[in-house]
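**Q** kindly return the folded structure for what I paste below:
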Amino acid sequence: MLAILPLVIAGGVTATHVAESRAAVEATPRNEPLRRNAAGLESAVNLGGFAQGVVGGNANLAIVGDSINTFSQPDWMFTGYLLEWQPRRWRQIQTSPLSSSTATASWVEFATPPNYPIIRPGQSVPGFEAFAGANTWPLRAIEAEDWSGRAISAGINRNGFSYQGGMFRDADGQGRFLRSGRLERHRTMIVAADQPAYRTEWTIKSRNSAAGTGWTAVEVAHDFDCPAEPGLVWFDHIIPGSTEGLGNVGTGLFTSGVGPLSSGVRTALPGTILTDLELESGFGLSYIGEGGWRTENHLLPFGDPESPLILISTGGYPGGYSNDALLRHVLAHEVTHFMLWVGTNNGGTDTNVPWATAADVAGILDRYRLVHAEARKIDPGLPEPAFLLIAPYSSNDADVFFSGYADELRSLAGGDVAFIDLHGMVLERFGSWSEWEDSFLSDGVHPSLLGARTFARMLWRELIAAAGSPADLNRDGRVNGADFGLLLGKWGCDDPGYADLDGDGCVLGSDIGIMLGDWSP
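**A** Just a heads-up that it's a prediction; the model follows:
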């Protein structure tokens, strides 16, 4: 287990940094309007290196965003990535506790329901706010009042997402269990402190076996090595694979063997990260953000007085996360790549000034570089990070902000920053917002399942085009008979997926033509 020690990062981003970042962007000459054509020219900038890591299955990608990408929503973008992105190999995925009644990527089972609120900065659970952070959706708190029993089983929920190789149920909503016969690492995470008020000792049970056969690995009374103040720590449980039955994979925290939670004692549960240890490299996904968050909520550390309030049914809270929370997320997920998609309906506070919102994004990049550098001091195996900026699709017909924002984000590309103009791609292919919103959006803003799959597929096609031939279906760097076999396996229009090389929704002779044109000598 990697020991996580308290860490304070000096030089945090402040309101002064915001003003300086905005001044720098405002001094940058405005780009000429983008020229787009049916070939999709200029849809991406500096994408090659980023794409090679993701498509080749050699990246752990953290998606930074607002509700468009929140992975607790089964029909939103995270599901689209899991269904439509086809890296060479999947290696890592995070489960989470249930979000109210919304299925996420896991299940939660309780003997008796305890107090179980979401942790948001500045709200709900005193003592956790300073940590509450990088991903508030899966973070839940338990405070016991004569409660005992099962605390959490981070496994599968009917509407959960797929994990290629058998980690999860299918992401298409049919709820079919998948099976993995491979060796897995289940990184079970808690948020707690080495204080009497926090529960740090749990029995950990894991399984990767036929459904209903019970737990196959048990660690009784494991004491997590917690810092003095509340922070993220984890225990790595190594689980052998199974080829029996339909499959049932998960890790649970239990009070059995260590006694019930005492009244007033608390802990928080961010979920479990599942990693295929039989792969030396591969692709993984995680999420940083929360619904309603603007660019300033990612730019300004927790507690900054300039951080915008996020309005919810119970009032408002100051969205944000500390550098320490971001650091621990990077270490826990071994993050190498970041994709920033913020602003579909939650741009900066200056929502009519696209260059001000882009200046916030420039500040986010600086903040993340700073924190990732600290992470590499602790884990020298992490490479320097790569970033991808997404120009979001429109959420109305008044397209002034979105086109200007796309231009501004494009100007930030270069060095470790790549750019994809999803706004321009959607506009060129489908027209203005009113022409396609009924087809692809569930509420005029957030994607439906079809929209999530469509937008994810458009992004993926840009990634594979930048990484190499789209006909290299198995991502081994060559186009040959193995890829032809995969294409034939997707023949027709029922489930074309990654084999739809020309993007017409079917795998037919035209796709064979593209593959033959890229055939490796």
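**Q** got any ranges where the stretch 1-150 of the chain has weak pLDDT?
**A** 1-41, 71-75, 95-150 (pLDDT under 70).
**Q** mind redoing it with 90?
**A** Along the stretch 1-150 of the chain, the model assigns pLDDT under 90 to residues 1-42, 55-58, 66-67, 69-150.
**Q** so what's the residue count around the closest residue to Ser520 other than its chain neighbours?
**A** In space, and not counting its chain neighbours, Ser520 is closest to Arg478: 4.2 Å by C-beta to C-beta, 6 or more residues apart in numbering. Using the backbone N, CA and C atoms, a C-beta is placed for each residue, glycine as well. By other C-beta atoms under 10 Å, 17 other residues sit near Arg478.
**Q** is it true that Arg478 touches Ala471?
**A** No - counting by C-beta atoms under 8 Å, Arg478 stays clear of Ala471, with 9.9 Å between them.
**Q** any figure for the gap between the residue nearest to Ser520 and Asp443?
**A** Separation of Arg478 from Asp443 (C-beta to C-beta, to the nearest Å): 44 Å.
**Q** with Pro227 instead?
**A** 41 Å.
**Q** quick check: Thr188 is in a strand.
**A** Yes - checked against DSSP: H, G, I helix; E, B strand; the rest coil, Thr188 lies within a strand.
**Q** contacting residues for it?
**A** By C-beta atoms under 8 Å, 6 or more residues apart in numbering, the contact set of Thr188 is 154, 204, 234-237, 251, 253, 272.
**Q** out of these, who's the most crowded?
**A** Neighbour counts for these, by other C-beta under 10 Å, peak at Thr272, which reaches 31 neighbours.
**Q** give me the pLDDT for that residue.
**A** Turning to Thr272, the model gives it a pLDDT of 78.
**Q** pretty sure it is touching Gln94, no?
**A** Yes - counting by C-beta under 8 Å, Gln94 is a contact partner of Thr272 at 7.2 Å.
**Q** more neighbours: which of Pro227 and Asp443?
**A** Higher neighbour count among Pro227 and Asp443: Pro227, with 20 against 10, using other C-beta under 10 Å.
**Q** gap between that one and Thr200?
**A** Distance from Pro227 to Thr200, by C-beta to C-beta: 10 Å.
**Q** spit out the residues that contact these two alike.
**A** 193-194.
**Q** remind me, longest strand of the chain?
**A** Looking across the chain with DSSP state E, the single longest strand is strand 266-276.
**Q** okay, the angle between the helix or strand that that strand is followed by and strand 266-276?
**A** Counting by DSSP states H and E, the element after strand 266-276 in chain order, helix or strand, is strand 283-289. In terms of direction (axes from the mean of the first three to the mean of the last three C-alpha atoms, to 10 degrees), strand 283-289 departs from strand 266-276 by 150 degrees.
**Q** could I have strand 283-289 exported to PDB, CA atoms only?
**A** Only the C-alpha atoms of strand 283-289 are listed here, as PDB (Å, rounded to 0.1, in the frame of the first residue of the first chain):
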ATOM      1  CA  PHE A 283      -6.800   2.700 -20.200                       C
ATOM      2  CA  GLY A 284      -8.700   3.900 -17.100                       C
ATOM      3  CA  LEU A 285     -11.400   6.500 -16.400                       C
ATOM      4  CA  SER A 286     -12.200   8.600 -13.400                       C
ATOM      5  CA  TYR A 287     -14.100  11.900 -12.900                       C
ATOM      6  CA  ILE A 288     -13.400  15.200 -11.200                       C
ATOM      7  CA  GLY A 289     -16.200  17.600 -10.600                       C
END
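**Q** and the next helix or strand past that strand?
**A** Later in the chain than strand 283-289, the nearest helix or strand by DSSP H and E is helix 295-299.
**Q** which helices and strands does that next one pack with?
**A** Applying 3 or more C-beta pairs under 8 Å, 6 or more residues apart in numbering; DSSP states H and E, one finds that helix 295-299 contacts helix 15-26, strand 283-289, helix 354-378.
**Q** alpha carbons only: can I get that helix in PDB?
**A** Extracted in PDB, the C-alpha atoms of helix 295-299 (Å, rounded to 0.1, in the frame of the first residue of the first chain):
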ATOM      1  CA  THR A 295     -14.700  26.900 -14.400                       C
ATOM      2  CA  GLU A 296     -14.000  28.900 -11.200                       C
ATOM      3  CA  ASN A 297     -15.100  25.900  -9.000                       C
ATOM      4  CA  HIS A 298     -12.200  23.900 -10.600                       C
ATOM      5  CA  LEU A 299      -9.800  26.800 -10.600                       C
END
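**Q** let me know the average pLDDT across that helix.
**A** 92.
**Q** repeat that for stretch 395-402.
**A** Mean predicted confidence for stretch 395-402 is 87.
**Q** for that stretch, buried residues please.
**A** Residues of stretch 395-402 classed as buried by neighbour count (16 or more other C-beta atoms under 10 Å): 395, 401-402.
**Q** which of these sits closest to Ala44?
**A** When the buried residues of stretch 395-402 are ranked by distance to Ala44 (C-beta to C-beta), Phe402 comes first, at 17.1 Å.
**Q** am I right that that closest one is in a strand?
**A** No - under three-state DSSP, Phe402 falls outside any strand and is assigned helix.
**Q** that one contacts Pro392, correct?
**A** Yes - assessed by C-beta under 8 Å, Phe402 is found in contact with Pro392 at 6.8 Å.
**Q** what's the overlap in contacts for those two?
**A** His423.
**Q** please report how far Gly48 lies from Ala332.
**A** 29 Å.
**Q** the two: which is more packed in?
**A** Ala332 (20 against 14).
**Q** contacting residues for that one?
**A** 187, 189, 232, 234, 273.
**Q** would you turn those residues into JSON lines with distance to Gly489?
**A** Formatted as JSON lines, the contacts of Ala332 follow (distance: C-beta to C-beta, whole Å):
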{"residue": "Arg187", "distance to Gly489": "33"}
{"residue": "Met189", "distance to Gly489": "37"}
{"residue": "Leu232", "distance to Gly489": "41"}
{"residue": "Trp234", "distance to Gly489": "38"}
{"residue": "Ile273", "distance to Gly489": "31"}
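**Q** and those, which is closest to Tyr321?
**A** Leu232 (11.4 Å).
**Q** who's that closest one bridged to?
**A** With DSSP bridges as the criterion, Leu232 is bridged to Val191.
**Q** and it, what is it in contact with?
**A** Residues counted as contacts of Leu232 (C-beta under 8 Å, 6+ apart) are 4, 131, 189-191, 270, 325, 328-329, 332.
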